[in-house]
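# What follows is a predicted structure for the sequence shown.
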Amino acid sequence: MTASMRAELGATRRWLYTTAGCVILVLAWAWAAHGQHEYVLPSPLSTFRALSEIVTHGQFWHALGLTVMRGGIGLGLAILIGALWGSAMGRWPAFEAFCQPMIQILLATPAVVFVILALVWLGSSSEAVMLVVALVATPLLVRTTATAVRGIDPSLSEMGQVFGLSRYERAWHIIVPLVLPPFLAATTVALGQSLRVAVMAELLATASGLGGAIRLAQINIETPQVFAYALLLATLALIIEKLSTAPLQRRLAVVRGVG
């Protein structure tokens, strides 16, 4: 049996195990919901019925677009700030020591506190949601970038200088391939986190987006819709992660090849 056949067999088994896990989970859900009131614990059938009604409603797609836009802009700000701030911290130890208390405070502060502060500063607006997402995602990216930059062996840069590489070429061919993998992993974590934080901020701070829709379902005691939105968000997070990280992984492979 060749290595490719073993890899294919492994992928098939993983798919079977994943499918079996999903089936067991749905069966356990159905068993737990049996005999329960729908507003307490809806069954899988009523949840999927609510899911069908949600996705066929035009308002859902507008709410989805708002949430993705807010989360995406907030994450984009976090990526930009995290890369620059983290690089500076990794390069200059004194600056890292100076910023360490602020990073620790940002990491330890619950997201709901950021929501309250954003409401005070910006009111019930899209900007408040974007700010919350940026505040939650930035410290993770800062710390990851700083650790990656600090861990680069200085002799590698010196070797590049000996071979006549410019500062830009040393950064592109030496530093970027070493920093990008951990930064990409942190970005993947921040991506899923940003969607959840955006929905939570919308639920508490606005009446629009998926968060606003979930709050309306909760007010109307439409528990199947709440479960349906949870399934939609989990699926959306998985799709966004796959669509965004695959091109980044290919780009990383190109950078490594060039390096």
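Received it, and whenever you're ready, just let me know what you need. Numbering: from 1, shown residues only.

# Within the helices and strands, which one has residue 194?
helix 176-205 (DSSP states H and E).

# got it, and residue 36?
Per DSSP H and E, there is no helix or strand for residue 36.

# Near it, how many other residues are there?
Neighbour count for residue 36, taken as other C-beta atoms under 10 Å: 12. For every residue, glycine as well, the C-beta is placed using N, CA and C.

# hmm, back to that, tell me the buried residues in the helix holding residue 194?
By neighbour count on 16 or more other C-beta atoms under 10 Å, the buried set for helix 176-205 is 176, 178-180, 183, 186-187, 190-205.

# do the same with stretch 45-64
Buried, per 16+ other C-beta under 10 Å, within stretch 45-64: 46, 47, 48, 50, 51, 54, 60, 63, 64.

# and what of stretch 104-117?
106, 111, 114, 115.

# Which residue, other than its chain neighbours, is closest to the first one?
If the residues on either side of it in the chain are set aside, residue 106 comes closest to residue 139, at 4.0 Å by C-beta to C-beta, 6 or more residues apart in numbering.

# just residue 41 next, same as before
In space, residue 41 is closest to residue 33, 4.7 Å off (C-beta to C-beta, 6+ apart).

# how about that neighbour, phi and psi?
phi -80, psi -10 (degrees, to the nearest 10).

# any idea how far residue 85 is from it?
Distance of residue 33 to residue 85, given as C-beta to C-beta, to the nearest Å: 47 Å.

# Check residue 43 too.
48 Å.

# go on, residue 142?
On the measure of C-beta to C-beta, residue 142 and residue 85 end up 5 Å apart.

# So between the two, which is more surrounded?
It is residue 142, of residue 142 and residue 85, that has more neighbours when counted by other C-beta under 10 Å, with 28 against 21.

# Which residue comes closest to the more buried one once chain neighbours are left out?
residue 86 (4.3 Å).

# ok, now which ones touch residue 183?
Contacts for residue 183 (C-beta atoms under 8 Å, 6 or more residues apart in numbering) come out as 83, 141, 144, 145, 148.

# Please repeat the previous calculation with a cut-off of 6 Å.
144, 145 (C-beta atoms under 6 Å, 6 or more residues apart in numbering).
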